[in-house]
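K.L.:
sequence and predicted structure, then a few things I'm wondering about:
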Amino acid sequence: MSDILKCDVAVVGAGHAGAEAAAASSRLGLDTVLFTLSLDSVANMPCNPSVGGTGKGHLVYEIDALGGIMGRAADLAAVSSRTLNESKGAAVRSKRVQADRRKYKAVVTDMLKKEPNLRLVQAEIVRLEVTAGRITAVITRMGERWECSAAVLCCGTYLCGMVHVGDIHYPAGPDGSLSADRLTESLRSEGLSVMRFKTGTPVRASARTIDFSRLEEQVGEAFAVPFSHLTPDDYLDGQQRATPCHIVYTNAKTHEIIKKNLHRSAMYSGNIHGVGPRYCPSIEDKIVRFADKERHQLFIEPMGEDDDEVYIQGFSTSMPTEVQREMLHSLEGFENAHITRNAYAIEYDLCNPTELDVTLGFKKIRGLYGAGQFNGTSGYEEAAAQGLVAGANAALYVKNESPLIIERQSSYIGIMIDDLINKGVTEPYRIMTSRSEYRLLMRQDNADLRLTPKAHGAGLIDEESWESFLARRRRVDSEISRLGVTVISVGSANEMLERCSSSPVRTACRAAELLRRPEVSYEAICEASPPDEELSRKEKLTVSAEIKYEGYIKKQEAAVKSAQRAEGMKLPADIDYREVSGLRREAEIKLSEARPESVGQASRISGVNPADITALLIYLEAKRRERHQ
């Protein structure tokens, strides 16, 4: 008799979502198996070789605060770092690192191999076994049956992947890998909805065939704040010019080539039916949608320190290969550029995220979870954040413990999950700081203060990390208190204010009062009044932001409490929305399909308006009185 193959949690797909899901499940002590089509593609970066960016950087800090691996791996693989929106307020500043894609894959793979409860298996999962409404096993293409109590689907763009280049199209996953063509049928047979999206990637070119002297150089920061609390402050110092990025622009010739060949693009020829990302369109789509623009900015990003390839960010296309060469050679400095990998568009299957609940578990199948592009998002960071939540909740489900719930009011991860499960997707979803109602409370610098206590409660971080966090929180609180009571003399204050180009004072002032001036930095305050103990760069950012924006922060905290009251108003699981008087027919249908857990969730469902919520509140109050009587 053959051995029974079994595990507690099966994770399908080893991209950024799968890596975080498997690591989280393993850290919670569950026997976890991570299945991948190829062990050589674990944590692959098939698109741009970077981590972070506008809004996305916030996600990476939050992943680290919850005990995830992306931030640490990005720090270790970074070749340069930049802070986007630095001239704006602290709420929208976002970190972005240029990563060595080979090193990043190696770092993540090494981290996974060191997880004591995790096994990696190269196999394609083609079928789910569901018994009495719960997941019981996953079946490989070779016919092996792996018993499991929970499973996390992190399929990326592999499900029925179809690559398009001009009028050529063929089944494939990203970066020339195999596609997974059988699992979709199993999902449909279990009653799950399947959608189809499209994404793409630009050409890669050989760096030694490009004349960089004719391009704009873009260097990184001299002193970067790491993503992870485990990374030393000075880890990237002095590397800002080691591997710079560059900027080039499309021109009239480029646009002429694209317009002349527009009918040959797979996107415009009718070959592609999946919906593409609005926030990262192909270059031909940009030319059509922004016909008045004379040029478009492109970023030339190195693939690694010892890698000859560069990635041309913003030049995504599905044009035929000969047109791609013509387009590339029209760019200044690229007249003799050699294409190492052609651009392509890729269509893929995904689930309907409105069929998930707040844990990222499927409502129809207990123990089955989804994460990443499979849930309708775009980007490594969105995928990793969902993977961590889904993996943790799969493990907590098996352990019969309370789930990890990340609220909308606490984080960008919470916003993303809330948007996905309540509003659904009509295109690949991307996180942005504009999606948050409480941006000042959800800064990069305070991600650990917001989320690490929740991670500790769920068991995602060990006691050493918890003690380290408590020390960081104590230092921040202590310094804020010190600045609130420390008085700086008139002479010292004016000497400092003159250096900061700020107007003088007539009397002695508290340090916090001076720090609230826009021109005055925390570093300037420290010169006049040194802290009792040294703070890390991120801790300094937190102290500065908490003091400078204190009034606005208090207003947003009050708004959060009001929103939490709506979240606390739970809706009965068996509520019949047909009984709610005054509810519009559209809202009745949407609420019946989504089955929101609270009034707050109901208010964010597309098609439900404030009048519908009022009708719902009246109904709930009437029911409460009936029970009371």
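P.N.:
Noted; the coordinates are in hand.
K.L.:
may I ask which helix or strand of this structure has the lowest mean pLDDT?
P.N.:
Ranked by mean pLDDT, DSSP states H and E, the weakest helix or strand in the chain is helix 266-269, scoring a mean of 75.
K.L.:
go through that one and flag the buried ones.
P.N.:
A266, M267, Y268 (16 or more other CB atoms under 10 Å). C-beta here means a position set from N, CA and C on the backbone, and glycine is covered the same way.
K.L.:
do you know how far the most centrally placed residue in the chain is from E527?
P.N.:
The residue lying closest to the centre of the chain (CA atoms, centre = their mean) is E382, at 2.4 Å. According to CB to CB, to the nearest Å, E382 and E527 sit 41 Å apart.
K.L.:
go on, G13?
P.N.:
51 Å.
K.L.:
who has more neighbours, those two?
P.N.:
Neighbours per residue, other CB atoms under 10 Å: of G13 and E527, the larger number sits with G13, 32 against 12.
K.L.:
contact partners for the nearest residue to that one once chain neighbours are set aside?
P.N.:
Among residues not flanking G13 along the chain, C154 sits closest, at 3.7 Å (CB to CB, 6 or more residues apart in numbering). Counting by CB atoms under 8 Å, 6 or more residues apart in numbering, C154 makes contact with 11-15, 17-18, 21, 370-372, 374, 383, 387, 390.
K.L.:
which of these lies closest to T359?
P.N.:
Nearest to T359, judged by CB to CB, of the contacts of C154 is A390 at 7.7 Å.
K.L.:
could you pull out the buried residues of the host helix or strand of R450?
P.N.:
R450 is part of helix 447-458, with elements assigned from DSSP states H and E. Residues of helix 447-458 classed as buried: A447, D448, L449, R450, L451, T452, P453, K454, A455, H456, A458 (neighbour count, 16+ other CB under 10 Å).
K.L.:
measure how the helix or strand that that helix is followed by sits relative to helix 447-458, angle-wise.
P.N.:
With elements assigned by DSSP H and E, the helix or strand that comes after helix 447-458 is helix 463-485. Computed by axes from the mean of the first three to the mean of the last three CA atoms, to 10 degrees, the angle separating helix 463-485 from helix 447-458 equals 140 degrees.
K.L.:
against which helices or strands is helix 463-485 packed?
P.N.:
helix 447-458, strand 509-510, helix 511-515, helix 537-548 (3 or more CB pairs under 8 Å, 6 or more residues apart in numbering; DSSP states H and E).
K.L.:
how about those in TSV, adding mean pLDDT and distance to E427?
P.N.:
TSV is the format used below for the helices and strands packed on helix 463-485 (pLDDT from 0 to 100; distance: least, CB to CB, whole Å):
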stretch	mean pLDDT	distance to E427
helix 447-458	97	27
strand 509-510	94	50
helix 511-515	96	42
helix 537-548	96	33
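K.L.:
among those, which is nearest N609?
P.N.:
Using CB to CB, the nearest of the helices and strands packed on helix 463-485 to N609 is helix 447-458, at 30.6 Å.
K.L.:
so what does that closest one touch, helix or strand wise?
P.N.:
Helix 447-458 is packed against helix 56-65, helix 463-485, with contacts defined by 3+ CB pairs under 8 Å, 6+ apart.
K.L.:
what is the burial count for the residue nearest to A455 when sequence neighbours are not counted?
P.N.:
Using CB to CB, 6+ apart and skipping residues adjacent in sequence, the residue nearest A455 is L66, 4.4 Å away. By other CB under 10 Å, 28 other residues sit near L66.
K.L.:
measure L66 to L30 for me?
P.N.:
Counting by CB to CB - L66 and L30 are separated by 17 Å.
K.L.:
next one: L591
P.N.:
35 Å.
K.L.:
picking that back up, any idea which of the helices and strands packed on helix 447-458 is most buried?
P.N.:
Most buried of these by mean neighbour count (mean count of other CB atoms under 10 Å) is helix 56-65; its value is a mean of 29.
K.L.:
please state the offset of it from the chain centre?
P.N.:
Between the centre of helix 56-65 and the centre of its chain there are 8 Å (CA atoms, centre = their mean, to the nearest Å).
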